[in-house]
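*Asks:* starting from these lines, generate the structure:
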Amino acid sequence: MSLDATLDEVQNSRFRNIYNQLVKQYEKKSQFNEVELFCILLVYHKFALRNGIKAKYITKKQLANVFEVCFKISEVFTVERITSIIAKDTKKEIDPMGWLNLFEVFMTNDLETKMKFCFQVYDFHGVGGLNREVVTKYVEKFFKSDDEDEAGELVVSMLDLLFKKFDIDKDGVISFEDYSTVVRQQPLLLEFLGSCMPEVSNLTTVAYCSNVLSKITDFDKSSE
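*Replies:* As a prediction, this is how the structure comes out:
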């Protein structure tokens, strides 16, 4: 079966041969069905072909462009954090598994998965907790002002408010347990330190473009 009319029979066959085993393994744990996984990987494959007919991977620069154009996420530090989580290495290339991981997280309806991902993005030291120094780096981005004293006061006030809300055990660190307890009760606080997941409207567009049909209805309902 040909998935893409822009690829000839030989290219479609090569595509199937490259990704068939990965799809079989990944489907066992995925929210996507077999056809959807092939469609998601076909997008990846066509990006990879931009790097040469025999290229197997996309570059981090290409992924950053996808974030900006398709998912509307352009903040450099956030993109780097997401990339490090889904790619799990520091190479210049993003492998097909990393690409699938990205779609798996971005398109999930599972709050637990979303919480784990967002907390990983925020926890840039990878220590399993957000201390006052870490939270300050995020909060400072919310208050840009020529008046440094005023901005400083706003930052301190916001820090106090966030730790009062999220630091349930009052140990000076927002643990994942603290964070998840609050977010389960108030899901709108999922991205409390800044956006790290696409808006539903952008996900809907990507779902249409990548032919992930099972998600389109879900996204349409979420946007109502």
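
*Asks:* so what are the domain limits for this protein?
*Replies:* 9-106+198-222, 113-189 (automatic domain parsing).

*Asks:* which one of the ones you listed is the most hemmed in?
*Replies:* Greatest average neighbour count among these goes to domain 9-106+198-222 (a mean of 16), per mean count of other CB atoms under 10 Å. Using the backbone N, CA and C atoms, a C-beta is placed for each residue, glycine as well.

*Asks:* separation between Lys54 and Ala48?
*Replies:* 10 Å (CB to CB, to the nearest Å).

*Asks:* follow-up on the earlier one: mind putting the domains of the chain into CSV with mean pLDDT?
*Replies:* CSV is the format used below for the domains of the chain (pLDDT from 0 to 100):
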stretch, mean pLDDT
domain 9-106+198-222, 89
domain 113-189, 92
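
*Asks:* would you mind confirming that His105 makes contact with Gln120?
*Replies:* Just so we're on the same page, residue 105 is Val rather than His. No - under the criterion of CB atoms under 8 Å, Val105 makes no contact with Gln120, lying 9.7 Å away.

*Asks:* can you check which residues contact both of these two?
*Replies:* Here Val105 and Gln120 have no joint contacts, going by CB atoms under 8 Å, 6 or more residues apart in numbering.

*Asks:* need phi/psi at Asp160.
*Replies:* Dihedral pair for Asp160: phi -60, psi -40, per degrees, to the nearest 10.

*Asks:* one more: Arg50?
*Replies:* The phi/psi pair for Arg50 (degrees, to the nearest 10) is phi -70, psi -20.

*Asks:* also Val173?
*Replies:* phi -130, psi 130.

*Asks:* can you show me the strands along the chain?
*Replies:* 58-59, 93-94, 129-131, 173-175 (DSSP state E).

*Asks:* let's have the ones you listed in a markdown table, adding distance to Ser84.
*Replies:* Listed next are the strands of the chain as a markdown table, based on distance: least, CB to CB, whole Å:
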| stretch | distance to Ser84 |
| --- | --- |
| strand 58-59 | 15 |
| strand 93-94 | 11 |
| strand 129-131 | 17 |
| strand 173-175 | 20 |
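
*Asks:* of all the ones you listed, which one is nearest Ala151?
*Replies:* strand 129-131 (20.8 Å; CB to CB).

*Asks:* quick one: list the elements packing against the closest one.
*Replies:* strand 173-175 (3 or more CB pairs under 8 Å, 6 or more residues apart in numbering; DSSP states H and E).

*Asks:* partner strands of the strand it packs on and their direction?
*Replies:* Using DSSP bridges, strand 173-175 pairs in its sheet with strand 129-131 (antiparallel).

*Asks:* how far out from the middle of the chain is the strand it pairs with?
*Replies:* Relative to its chain's centre, strand 129-131 lies at 20 Å (CA atoms, centre = their mean, to the nearest Å).
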